[in-house]
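Undergrad: this one's structure only:
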């Protein structure tokens, strides 16, 4: 793994190119991610530095401080991050991320974080001081370590993510679970889903967002490379033989999605299984515009922060 510092030239707070987050201030403190999840769309971006390389914007914390002093209005909240996991276990990344988050929280700006990494205790202590300004989604689709390490080789283990949830709940932050991406025939089975719901039910989790894996050429290439010697690959690809092209609201792109009938029925099944454990599993409108009118992620997060902050300025 090669870690190098680079300079951020433009603004720190930017609008995401993802439609679901287009009205949200977002921060991407790195290019590249050590987790190397096989389904990661960012690995196909032209700016991606290549597997095994992480570029850290070392000057970003100081630029953010200057930027906040010159802005006429501060955003309600900031999303971390659309192209990487900011809690990947790299000291340089964690240091920059901590400085960015602490600066925002000190200015009364909320943070929204989606992670599949392990949350260090230092971050938990920070979050506990500003719990009303912190909204966290923990990405987890299975508690089966054998499955997880094939699709997310360097991300936190399922047990580490369950520990994240436990510790967050202990400091008064109830996270949302992100079932994303579900992989057909692998993580969307009743046995896999109910095993996960059984584990998280005791923490008071009441909400889970669902999305299925969609395919792009780079994602398919990564799947074939990572899973070529496993029983998963042909099973997964067989489900997409009857797939369909889909224009995502979440991005300005066209992907191959599972057949709408499959997704609709599978979402209904998972929602029913989750309900047995007191969990509301809903379908994200960002990646399923042909199925649901559920508000986009940015709208949901905006409502969350508005409730806590009593403000309306998203960006």
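TA: Noted; the coordinates are in hand. This structure is a prediction, so every number in the text was calculated from the model and none was measured. Residues are numbered from 1 along each chain as shown.
Undergrad: quickly note the distance from residue 291 to residue 260.
TA: When Cβ to Cβ, to the nearest Å is applied, the distance between residue 291 and residue 260 equals 6 Å. Backbone N, C-alpha and C define where each C-beta goes, glycine included.
Undergrad: again, but for residue 220
TA: Applying Cβ to Cβ, one obtains 20 Å for the distance of residue 220 from residue 260.
Undergrad: report the helix or strand with the lowest average pLDDT across this protein.
TA: With mean pLDDT, DSSP states H and E as the measure, the helix or strand of the chain carrying the lowest mean pLDDT is helix 297-309 (a mean of 45).
Undergrad: so residue 114, which state does it fall into?
TA: Here residue 114 is strand, with the state taken from DSSP: H, G, I helix; E, B strand; the rest coil.
Undergrad: end to end, how far does stretch 254-262 reach?
TA: The distance separating the two terminal residues of stretch 254-262, taken as Cα to Cα, to the nearest Å, comes to 19 Å.
Undergrad: next one: it to chain centre, how far?
TA: Centre-to-centre, stretch 254-262 and its host chain are 21 Å apart (Cα atoms, centre = their mean, to the nearest Å).
Undergrad: and stretch 226-236, by the same measure?
TA: With Cα atoms, centre = their mean as the basis, stretch 226-236 stands 24 Å off its chain's centre.
Undergrad: and if you look at stretch 109-122?
TA: How far stretch 109-122 lies from its chain's middle: 10 Å, per Cα atoms, centre = their mean.
Undergrad: ok, now stretch 132-142?
TA: The offset between the C-alpha centroid of stretch 132-142 and the centroid of the whole chain comes to 8 Å, using Cα atoms, centre = their mean.
Undergrad: start and end of that stretch, how far apart?
TA: From its first residue to its last, stretch 132-142 covers 29 Å (Cα to Cα).
Undergrad: which positions in it come out as buried?
TA: Buried positions in stretch 132-142, judged by neighbour count with 16 or more other Cβ atoms under 10 Å: 133, 134, 135, 136, 137, 138, 139, 140, 141, 142.
Undergrad: now do the contacts for the residue nearest to the last one when sequence neighbours are not counted.
TA: Distances taken as Cβ to Cβ, 6 or more residues apart in numbering place residue 187 nearest to residue 142, at 5.0 Å, with adjacent residues excluded. Contacts of residue 187 were listed using Cβ atoms under 8 Å, 6 or more residues apart in numbering, and they are 141, 142, 147, 179, 193.
Undergrad: what is the most widely separated pair among those residues?
TA: Longest distance between any two of the contacts of residue 187 is 13.5 Å, between 147 and 179; criterion Cβ to Cβ.
Undergrad: re earlier: list just the nearest of the buried residues of stretch 132-142 to residue 171.
TA: Nearest to residue 171 among the buried residues of stretch 132-142, counting by Cβ to Cβ, is residue 134 at 9.3 Å.
Undergrad: so who does that closest one touch?
TA: The contact partners of residue 134, by Cβ under 8 Å, 6+ apart, come to 105, 110, 111, 113, 127, 173.
Undergrad: ok, these vs residue 81, which is closest?
TA: Each of the contacts of residue 134 was checked against residue 81 using Cβ to Cβ; the closest is residue 113, at 8.4 Å.
Undergrad: do you know how far the closest one is from residue 27?
TA: Note on residue 113: its distance to residue 27, by Cβ to Cβ, is 10 Å.
Undergrad: between those two, which contacts overlap?
TA: Each of 79, 80 lies in contact with both residue 113 and residue 27 under the rule Cβ under 8 Å, 6+ apart.
Undergrad: which element, helix or strand, includes residue 208?
TA: strand 207-212 (DSSP states H and E).
Undergrad: quick one: residues in contact with that strand.
TA: Under the contact criterion Cβ under 8 Å, 6+ apart, strand 207-212 has outside partners 137, 176-184, 188, 257-258, 263, 266-267, 270-271, 274, 279-284, 286-288, 297.
Undergrad: among those residues, which ones are buried?
TA: Listed as buried from these are 137, 176-184, 188, 257-258, 263, 266-267, 270-271, 274, 279, 281-284, 286-288, 297; burial here means 16+ other Cβ under 10 Å.
Undergrad: select from those every entry located in helices.
TA: In helices, judged by DSSP state H, the following of the buried ones among the contacts of strand 207-212 are found: 263, 266, 267, 270, 271, 274, 297.
Undergrad: shaky segments in this protein?
TA: 16-23, 248-253, 294-315 (pLDDT under 70).
Undergrad: helices of that one, start to end?
TA: 60-70, 91-106, 121-129, 145-151, 158-170, 190-200, 217-227, 232-239, 260-275, 297-309.
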